[in-house]
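1. Build me a structure from this.
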Amino acid sequence: MDVMIIATKACTHRQNLEKELECLHIPYHVHFVEDYPDLVEKFAIRHSPNLIVDDEVVFRKQPTEAELHAYFDTKK
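-> Numbers count the residues shown, from 1 in each chain. This next block holds a predicted model:
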C-alpha cells in the first residue's frame, strides 16, 4: 500500500495527520505542493492536506481519527 500526504509547507494539519498515521503504523511519505506541481495537477489539489492511497485521493481534508481507523481497517 502506497500512502502519500500532499500538503502545503505551511499546512498546520499535516503534522497531526502524520502523527495519526504513525500511531496506526501506516508507512507514508510527504510531498509538498510547492515542490510537486505535477502532483497538484494530477490529483486536482485545491486544499491541504490530502491523503492519497494507491494513487487515489481518499481524503481532501484533515480526516478525523475515526475516519482514518475506518478507512485503514478495510485495507488490512
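2. what's the average pLDDT for stretch 50-69?
-> Per-region confidence: stretch 50-69 scores 96 on mean pLDDT.
3. show me the contacts for the residue nearest in space to the middle of the chain.
-> By CA atoms, centre = their mean, the chain has its centre lying nearest to Leu51, at 2.3 Å. The contact partners of Leu51, taken as CB atoms under 8 Å, 6 or more residues apart in numbering, are 3-5, 17, 57-59, 63. (Each C-beta comes from the backbone N, C-alpha and C, glycine too.)
4. In a strand, it, correct?
-> Yes - judged by DSSP: H, G, I helix; E, B strand; the rest coil, Leu51 forms part of a strand.
5. Tell me what it is bridged to.
-> Note on Leu51: beta-bridge partners by DSSP bridges are Ile5, Phe59.
6. Look up how far Phe43 lies from it.
-> When distance is defined by CB to CB, to the nearest Å, Leu51 is 10 Å away from Phe43.
7. what is in contact with those two at once?
-> Val57.
8. And the helices in this protein, which stretches?
-> 14-23, 37-42, 65-73 (DSSP state H).
9. Pick the most deeply packed of those.
-> By mean neighbour count, with neighbours taken as mean count of other CB atoms under 10 Å, helix 14-23 ranks first of those at a mean of 15.
10. just the angle between it and helix 65-73, please?
-> 50 degrees (axes from the mean of the first three to the mean of the last three CA atoms, to 10 degrees).
11. before we move on, the earlier item: now the buried members of the contacts of Leu51.
-> Buried members of the contacts of Leu51, counted by 16 or more other CB atoms under 10 Å: 3-5, 17, 58-59, 63.
12. what residues does stretch 58-70 touch?
-> Under the contact criterion CB under 8 Å, 6+ apart, stretch 58-70 has outside partners 13, 16-17, 20-21, 24, 46-47, 49-52, 71.
13. so what's Tyr28 closest to, chain neighbours aside?
-> Leaving aside its sequence neighbours, Tyr28 sits nearest to Val3 (CB to CB, 6 or more residues apart in numbering; 4.1 Å).
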